[in-house]
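# based on what follows, work out the 3D shape:
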Amino acid sequence: MNPVDIAREAFRRLATRRIAPTPSAYRDIYNEIAGISEAAETAPAAVLAASAPSEIGAEHVLTQFAAKLSESAGELGDFGKRFQRALKARDWDSYARALAQLAEKHTRKGGGIELPPLPDGEQTRTLRELLSRTLSFAVATLLTGTPALVDEAESLGTAIKQAHTEDALNEAAVRLKQLCYQIELKSGDTAEQQELLLRLFKLLLDNVSQLLDDDSWLRGQVDAVQNLIAGPLDQRALEDATRSLKEVIYKQGQLKHSLSDVKLTVKNMMMTFIDRLGQVAASTGDFHEKIGGYSDRISQAENISDLNLVLDEVLRETRLVQNEALLARDKMVLARQEVQDAEQRIHTLEAKLQHMSELVREDQLTGSLNRRGLEDVFERETARSDRRGTPLCIAILDLDDFKRLNDTYGHLAGDAALKHLVKIVKETLRSMDVIARFGGEEFLILLPETTVEAASSTMTRLQRELTRHFFLHENEKVLITFSAGVALRHPNEDQNELVKRADRAMYQAKQSGKNRVVVAD
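A predicted model of the protein is given here:
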């Protein structure tokens, strides 16, 4: 090999081994290729000058190499400029990285320009692993029902995990872009199908609603479902509607059973009434037949004794018919009263059915959830929190000086203040947050997926909103405030224990000056 070939091979080995191209490193590689032993380094300078470059000579070669490369067009010229900047700063590490990238581009595909390998630091590996898991597990799970897209997502996840060069990453990027396009098409089809189903369901409900009377007990259920599909759909809204309707259907089933029993009772009483009328008619018919027979016996009587016997029998039969008629009248009057009572029971049950949908889970005064509704929501949210590992907080809030407000303005004003508080809470909090009346002027707010710090800030913000929106009583502004205790649910903590901790924190807020928020221990 001539010196030029040796120098080129030295550059290549420096790049391949990722060694900084310092003059001493270049000299060592050059000697290794040329087969110069360490002993030869002690030879006279004239001998060494003919066989290996000195340190000054190596740096000169690197400088000439960078200058020659910078004269090239395109990407090679950019590499030359990078080499020159590294030489100027005597930054041999930067020179080595650029040289390694250049060698990689020229050697991987027989001299063709290749993109450099990606830096494989800890952050890069972590990001590549996260993206791979997202595609292989999360995205693939969401594409269930489309096997081809599932396979592509899993395959692409594996490819990204193994992508260590820009070439591999670019190829993965093209596949990812195509996968996103296919997912977009699929989601568009799914959204269109859901829209068609909602339209069909709405049309069906509209038709059913037109068939119902205004006082039908079914109308409350139909209205609830219509309100649900009219607004934006989310999982919590669907779960709430499903749970509420199930309970309504159960209650209505019980009432319908009672209604059926009442109607059967009415039917039986009407049958008794008709049977009694038949018996009266039969008795009257028998009496007429006997009277006809007595008429024949009277015409055949030969003396007063025979006539007296016939008269006694006529009187006896007449008394029997009279007694039967009186008894029938009394029973029919009683049956009529029972029928009227049964009709009243039917009207009462139908009225209960009509309002059942509205009275299942809500507090009638404020429109917030009642205790039963709170238990259902708490059970659902704790299960979701345990399953997903997300925080769940509650806040117990109590209106300050509520008794004085009642004493000053009256109980109607107190009721209006409670409704005003619930209105401000619903306008301020998220749709997933839930408020329930816990008793008197005390309320509980359930805050899913919320840290205790965020829950405390939310209650403070709610206090500010309540201060900004005055409660008006007969055009008089009345400032109402509340004290709150906030608690983060511990793992597997039940509702009673969580409420106790929040309640203690609320009383601490009361004792520390009111209109405050205290976080439970």
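# ok, then the element right after the helix or strand Thr141 falls within?
Counting by DSSP states H and E, the element that carries Thr141 is helix 140-142. Using DSSP H and E, the helix or strand that follows helix 140-142 in sequence is helix 147-161.
# phi, psi of Glu476?
As for Glu476, its main-chain torsions (degrees, to the nearest 10) stand at phi -110, psi 130.
# offset the numbering so it begins at 738, please.
With the count now opening at 738, the last piece we talked about shows up as Glu1213.
# which strand residues bridge it?
His1210 (DSSP bridges).
# re earlier: and the helix holding Thr878, what's buried?
Neighbour counts over helix 877-879 (16 or more other CB atoms under 10 Å) mark Ala877 as buried. All C-beta atoms are positioned from the backbone trio N, CA, C, and that covers glycine.
# helices or strands up against that helix?
The contact analysis (3 or more CB pairs under 8 Å, 6 or more residues apart in numbering; DSSP states H and E) places helix 877-879 against helix 884-898.
# just the CA coordinates for the helix it packs on, please, in PDB.
Extracted in PDB, the C-alpha atoms of helix 884-898 (Å, rounded to 0.1, in the frame of the first residue of the first chain):
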ATOM      1  CA  PRO A 884     -56.700  -7.400  12.000                       C
ATOM      2  CA  ALA A 885     -54.600  -5.800   9.300                       C
ATOM      3  CA  LEU A 886     -54.200  -2.600  11.200                       C
ATOM      4  CA  VAL A 887     -53.500  -4.400  14.400                       C
ATOM      5  CA  ASP A 888     -50.700  -6.400  12.700                       C
ATOM      6  CA  GLU A 889     -49.200  -3.200  11.200                       C
ATOM      7  CA  ALA A 890     -49.300  -1.400  14.500                       C
ATOM      8  CA  GLU A 891     -47.500  -4.300  16.300                       C
ATOM      9  CA  SER A 892     -45.000  -4.700  13.400                       C
ATOM     10  CA  LEU A 893     -44.300  -0.900  13.400                       C
ATOM     11  CA  GLY A 894     -43.800  -1.000  17.100                       C
ATOM     12  CA  THR A 895     -41.100  -3.600  16.700                       C
ATOM     13  CA  ALA A 896     -39.400  -1.700  13.800                       C
ATOM     14  CA  ILE A 897     -39.200   1.500  15.800                       C
ATOM     15  CA  LYS A 898     -37.700  -0.300  18.800                       C
END
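# give me the contact list for it.
Contact with helix 884-898 is made by 865-866, 868-874, 876-877, 880-881, 905-906, 908-909, 912-913, 916, 919-920, 923, as judged by CB atoms under 8 Å, 6 or more residues apart in numbering.
# and the helices in the stretch 738-887 of the chain, which stretches?
Ranges of helices in the stretch 738-887 of the chain, per DSSP state H, counting those that start in this stretch, are 740-753, 760-771, 782-788, 792-807, 812-825, 829-844, 859-870, 877-879, 884-898.
# confidence-wise, which of those is weakest overall?
Among these, helix 782-788 carries the lowest mean pLDDT, at a mean of 41.
# quick one: classify Leu1181 as helix, strand or coil.
Secondary structure for Leu1181, judged by DSSP: H, G, I helix; E, B strand; the rest coil, is strand.
# who touches the closest residue to it other than its chain neighbours in this structure?
Excluding its sequence neighbours, the residue lying closest to Leu1181 (CB to CB, 6 or more residues apart in numbering) is Phe1175, at 4.6 Å. Going by CB under 8 Å, 6+ apart, Phe1175 touches Arg1108, Leu1111, Ile1133, Leu1181.
# what residues sit buried inside stretch 1150-1170?
For stretch 1150-1170, by 16+ other CB under 10 Å, it's Ala1150, Gly1151, Ala1153, Ala1154, Leu1155, His1157, Leu1158, Val1159, Ile1161, Val1162, Leu1166, Asp1170.
# from these, which is closest to Glu746?
Comparing these against Glu746 with CB to CB places Asp1170 closest, at 70.8 Å.
# quick check: Leu1102 is in a strand.
No: counting by three-state DSSP, Leu1102 is not found in a strand; it is coil.
# any idea how far it lies from Asp765?
Per CB to CB, to the nearest Å, Leu1102 is found 90 Å from Asp765.
# next one: Ala877
Distance from Ala877 to Asp765, by CB to CB: 51 Å.
# quick revisit: helix, strand, or coil at the residue nearest to Leu1181?
Applying three-state DSSP: Phe1175 is strand.
# what does the model give it for pLDDT?
pLDDT at Phe1175 comes out at 87.
# any idea how far Gln1101 is from it?
In terms of CB to CB, Phe1175 sits 15 Å off from Gln1101.
# ditto for Glu1054
Distance, Glu1054 to Gln1101, by CB to CB: 65 Å.
# ok, the two, which is more surrounded?
Glu1054 (16 against 9; other CB atoms under 10 Å).
# could I get the full set of helices for the stretch 988-1137 of the chain?
Using DSSP H, counting those that start in this stretch, helices in the stretch 988-1137 of the chain cover 1041-1092, 1108-1125.
# looking at those helices, which one is packed in the most?
Most buried of the helices of the stretch 988-1137 of the chain, by mean neighbour count (mean count of other CB atoms under 10 Å): helix 1108-1125, with a mean of 16.
# list the contacts of it.
976-977, 980, 1097-1099, 1106, 1127-1129, 1171, 1173, 1175, 1181, 1183, 1185-1186, 1226, 1228-1229, 1232.
# what is the rounded mean pLDDT of that helix?
88.
# kindly report the same for stretch 1141-1156.
Here the average pLDDT along stretch 1141-1156 is 91.
# then that stretch to CSV, C-alphas only?
The C-alpha trace of stretch 1141-1156 is given here as CSV (Å, rounded to 0.1, in the frame of the first residue of the first chain):
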residue,chain,number,x,y,z
ARG,A,1141,-78.3,33.3,61.0
LEU,A,1142,-79.3,33.6,57.4
ASN,A,1143,-82.5,31.6,58.0
ASP,A,1144,-83.3,33.6,61.2
THR,A,1145,-82.7,36.9,59.4
TYR,A,1146,-84.4,36.3,56.0
GLY,A,1147,-86.5,33.2,56.6
HIS,A,1148,-86.4,29.6,55.5
LEU,A,1149,-87.4,30.3,52.0
ALA,A,1150,-84.4,32.5,51.6
GLY,A,1151,-82.2,29.7,53.1
ASP,A,1152,-83.6,27.3,50.5
ALA,A,1153,-82.9,29.7,47.7
ALA,A,1154,-79.3,30.2,49.1
LEU,A,1155,-78.7,26.4,48.9
LYS,A,1156,-80.0,26.3,45.3
